[in-house]
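Colleague: build me a model from this:
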Amino acid sequence: MSRRAAESRPSIRVLLVAALLLPALAHGLARDRQQPMDVEADDGDVLLTADGNAVLIGNVRITQGSLVIEADRATVEKKAGDFSRTVFEGSPARLQQDLDSGGTTRIRAQRIDYDMVADVVVLTGNVSVTQPEGELRGERIRYDLKTERMEGGAPGSRIRMRIEPRTSAPTKSD
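Modeller: Below you'll find the model as predicted:
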(Lines give C-alpha, C1' and ligand atoms only; values in the text may rest on other atoms or scores of the structure.)
Protein backbone atom coordinates (compact mmCIF):
# COMPACT_ATOMS: atom_id res chain seq x y z
CA MET A 1 0.00 0.00 0.00
CA SER A 2 1.37 3.41 -0.93
CA ARG A 3 2.04 6.06 1.70
CA ARG A 4 -0.70 8.29 0.23
CA ALA A 5 -3.20 5.42 0.30
CA ALA A 6 -2.32 4.66 3.93
CA GLU A 7 -2.72 8.34 4.85
CA SER A 8 -6.11 8.48 3.12
CA ARG A 9 -7.65 5.63 5.15
CA PRO A 10 -8.68 7.84 8.12
CA SER A 11 -10.38 10.33 5.80
CA ILE A 12 -12.43 7.56 4.22
CA ARG A 13 -13.54 6.45 7.70
CA VAL A 14 -14.54 10.03 8.52
CA LEU A 15 -16.61 10.22 5.33
CA LEU A 16 -18.23 6.85 5.96
CA VAL A 17 -19.41 7.77 9.43
CA ALA A 18 -20.79 11.08 8.20
CA ALA A 19 -22.48 9.50 5.20
CA LEU A 20 -24.21 7.00 7.47
CA LEU A 21 -26.10 9.90 9.02
CA LEU A 22 -27.30 11.47 5.75
CA PRO A 23 -29.97 8.83 4.95
CA ALA A 24 -32.14 10.25 7.73
CA LEU A 25 -33.09 13.01 5.29
CA ALA A 26 -34.67 10.52 2.92
CA HIS A 27 -36.26 8.26 5.57
CA GLY A 28 -34.91 5.39 3.52
CA LEU A 29 -34.89 1.67 4.01
CA ALA A 30 -34.01 0.77 7.58
CA ARG A 31 -32.12 -2.29 6.38
CA ASP A 32 -29.74 -0.07 4.35
CA ARG A 33 -27.99 0.90 7.59
CA GLN A 34 -27.10 -2.77 8.10
CA GLN A 35 -25.40 -3.05 4.69
CA PRO A 36 -21.72 -2.49 3.93
CA MET A 37 -20.81 0.94 2.57
CA ASP A 38 -18.64 1.39 -0.50
CA VAL A 39 -16.87 4.68 -1.22
CA GLU A 40 -15.21 5.53 -4.52
CA ALA A 41 -13.44 8.64 -5.79
CA ASP A 42 -10.89 9.36 -8.49
CA ASP A 43 -7.53 7.81 -7.65
CA GLY A 44 -5.28 9.90 -5.49
CA ASP A 45 -7.83 12.59 -4.70
CA VAL A 46 -8.57 11.68 -1.08
CA LEU A 47 -7.13 14.34 1.19
CA LEU A 48 -6.94 14.62 4.97
CA THR A 49 -6.50 18.23 6.02
CA ALA A 50 -4.45 19.38 9.02
CA ASP A 51 -7.61 20.13 11.03
CA GLY A 52 -8.93 16.56 10.62
CA ASN A 53 -11.40 17.40 7.86
CA ALA A 54 -11.61 15.00 4.93
CA VAL A 55 -12.11 15.83 1.25
CA LEU A 56 -12.91 13.43 -1.59
CA ILE A 57 -12.61 14.89 -5.08
CA GLY A 58 -13.64 13.54 -8.46
CA ASN A 59 -16.52 11.21 -9.28
CA VAL A 60 -17.36 10.56 -5.64
CA ARG A 61 -19.79 7.66 -5.29
CA ILE A 62 -21.05 6.26 -2.00
CA THR A 63 -23.35 3.25 -1.88
CA GLN A 64 -24.95 1.43 1.03
CA GLY A 65 -27.84 -0.88 0.26
CA SER A 66 -30.27 1.16 -1.83
CA LEU A 67 -28.58 4.46 -0.88
CA VAL A 68 -26.52 6.01 -3.67
CA ILE A 69 -24.79 9.39 -3.30
CA GLU A 70 -22.89 10.87 -6.25
CA ALA A 71 -20.98 14.14 -6.18
CA ASP A 72 -17.97 15.89 -7.66
CA ARG A 73 -16.67 16.66 -4.17
CA ALA A 74 -17.44 15.51 -0.62
CA THR A 75 -16.15 17.27 2.50
CA VAL A 76 -16.47 16.08 6.09
CA GLU A 77 -15.71 18.55 8.89
CA LYS A 78 -14.83 17.86 12.51
CA LYS A 79 -15.16 20.18 15.51
CA ALA A 80 -13.68 19.29 18.89
CA GLY A 81 -12.97 15.78 17.61
CA ASP A 82 -16.59 15.06 16.59
CA PHE A 83 -18.09 14.95 13.12
CA SER A 84 -20.00 18.17 12.62
CA ARG A 85 -20.82 18.64 8.94
CA THR A 86 -20.84 16.84 5.59
CA VAL A 87 -21.09 18.71 2.29
CA PHE A 88 -21.63 17.11 -1.11
CA GLU A 89 -21.13 19.36 -4.15
CA GLY A 90 -21.70 18.60 -7.80
CA SER A 91 -23.24 19.47 -11.09
CA PRO A 92 -25.50 18.30 -9.52
CA ALA A 93 -24.84 16.24 -6.40
CA ARG A 94 -27.35 13.37 -6.27
CA LEU A 95 -28.81 11.21 -3.51
CA GLN A 96 -31.17 8.32 -4.14
CA GLN A 97 -32.65 5.84 -1.69
CA ASP A 98 -35.53 3.38 -1.58
CA LEU A 99 -38.18 4.05 1.06
CA ASP A 100 -39.57 1.63 3.65
CA SER A 101 -43.02 2.75 2.51
CA GLY A 102 -42.25 1.85 -1.12
CA GLY A 103 -40.90 3.92 -3.97
CA THR A 104 -37.71 5.93 -4.09
CA THR A 105 -36.54 9.36 -2.93
CA ARG A 106 -34.34 11.23 -5.40
CA ILE A 107 -32.55 14.44 -4.40
CA ARG A 108 -30.58 16.63 -6.79
CA ALA A 109 -28.87 19.90 -5.86
CA GLN A 110 -25.65 21.75 -6.53
CA ARG A 111 -24.90 21.44 -2.83
CA ILE A 112 -26.17 19.10 -0.09
CA ASP A 113 -25.01 20.49 3.27
CA TYR A 114 -25.73 18.39 6.37
CA ASP A 115 -25.03 20.06 9.73
CA MET A 116 -24.86 17.09 12.12
CA VAL A 117 -24.74 19.29 15.23
CA ALA A 118 -27.93 21.21 14.39
CA ASP A 119 -29.45 18.19 12.57
CA VAL A 120 -30.28 20.38 9.55
CA VAL A 121 -29.86 19.68 5.85
CA VAL A 122 -29.69 22.59 3.41
CA LEU A 123 -30.05 21.88 -0.31
CA THR A 124 -29.04 24.73 -2.62
CA GLY A 125 -28.79 25.32 -6.34
CA ASN A 126 -31.48 23.96 -8.67
CA VAL A 127 -32.93 21.69 -5.97
CA SER A 128 -35.23 18.81 -6.84
CA VAL A 129 -36.66 16.40 -4.27
CA THR A 130 -38.81 13.66 -5.80
CA GLN A 131 -40.76 11.08 -3.81
CA PRO A 132 -43.78 8.92 -4.67
CA GLU A 133 -46.04 11.53 -3.02
CA GLY A 134 -44.81 14.33 -5.24
CA GLU A 135 -42.00 16.66 -6.13
CA LEU A 136 -40.48 19.82 -4.63
CA ARG A 137 -38.26 22.21 -6.59
CA GLY A 138 -36.55 25.45 -5.74
CA GLU A 139 -33.21 27.18 -5.30
CA ARG A 140 -32.92 26.52 -1.58
CA ILE A 141 -34.59 23.99 0.72
CA ARG A 142 -33.81 23.76 4.43
CA TYR A 143 -34.92 20.64 6.30
CA ASP A 144 -34.76 20.34 10.10
CA LEU A 145 -34.48 16.65 10.93
CA LYS A 146 -35.51 17.17 14.57
CA THR A 147 -38.76 19.00 13.86
CA GLU A 148 -39.27 17.59 10.34
CA ARG A 149 -39.95 21.17 9.26
CA MET A 150 -39.05 22.14 5.71
CA GLU A 151 -38.43 25.73 4.66
CA GLY A 152 -37.87 26.82 1.13
CA GLY A 153 -36.92 29.74 -0.91
CA ALA A 154 -34.25 32.28 -1.28
CA PRO A 155 -34.78 35.98 -1.96
CA GLY A 156 -36.32 36.35 -5.40
CA SER A 157 -36.85 32.62 -5.96
CA ARG A 158 -39.93 30.44 -6.09
CA ILE A 159 -40.76 27.04 -4.65
CA ARG A 160 -42.70 24.68 -6.86
CA MET A 161 -44.50 21.61 -5.57
CA ARG A 162 -46.44 18.88 -7.28
CA ILE A 163 -48.51 16.58 -5.10
CA GLU A 164 -49.57 13.37 -6.76
CA PRO A 165 -53.17 12.22 -6.30
CA ARG A 166 -53.73 9.33 -3.95
CA THR A 167 -54.38 6.10 -5.74
CA SER A 168 -57.32 4.19 -4.39
CA ALA A 169 -57.66 0.44 -4.39
CA PRO A 170 -59.66 -0.93 -7.30
CA THR A 171 -63.31 -1.51 -6.45
CA LYS A 172 -65.27 -4.62 -7.35
CA SER A 173 -68.07 -4.11 -9.76
CA ASP A 174 -70.55 -6.86 -10.45
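
Colleague: buried residues, the helix or strand containing residue 108. List them.
Modeller: Secondary structure assignment for residue 108, by DSSP states H and E: strand 104-115. For strand 104-115, burial by neighbour count (16 or more other C-beta atoms under 10 Å) applies to 105-115. (Each C-beta comes from the backbone N, C-alpha and C, glycine too.)

Colleague: ok, which pair from those is furthest apart?
Modeller: Put simply, by C-beta to C-beta the two of the buried residues of strand 104-115 set farthest apart are 106 and 115, 22.0 Å from each other.

Colleague: ok, then the element right after the one helix or strand residue 58 maps to?
Modeller: Assigned by DSSP H and E, residue 58 belongs to strand 54-64. Using DSSP H and E, the next helix or strand after strand 54-64 towards the C-terminus is strand 67-79.

Colleague: so which elements touch that next one?
Modeller: helix 3-21, strand 54-64, strand 82-98 (3 or more C-beta pairs under 8 Å, 6 or more residues apart in numbering; DSSP states H and E).

Colleague: try it again at 10 Å.
Modeller: helix 3-21, strand 37-40, strand 46-48, strand 54-64, strand 82-98, strand 104-115 (3 or more C-beta pairs under 10 Å, 6 or more residues apart in numbering; DSSP states H and E).

Colleague: for this protein, what helix or strand is lowest in average pLDDT?
Modeller: Across the helices and strands of the chain, mean confidence by mean pLDDT, DSSP states H and E is lowest for helix 3-21: a mean of 40.
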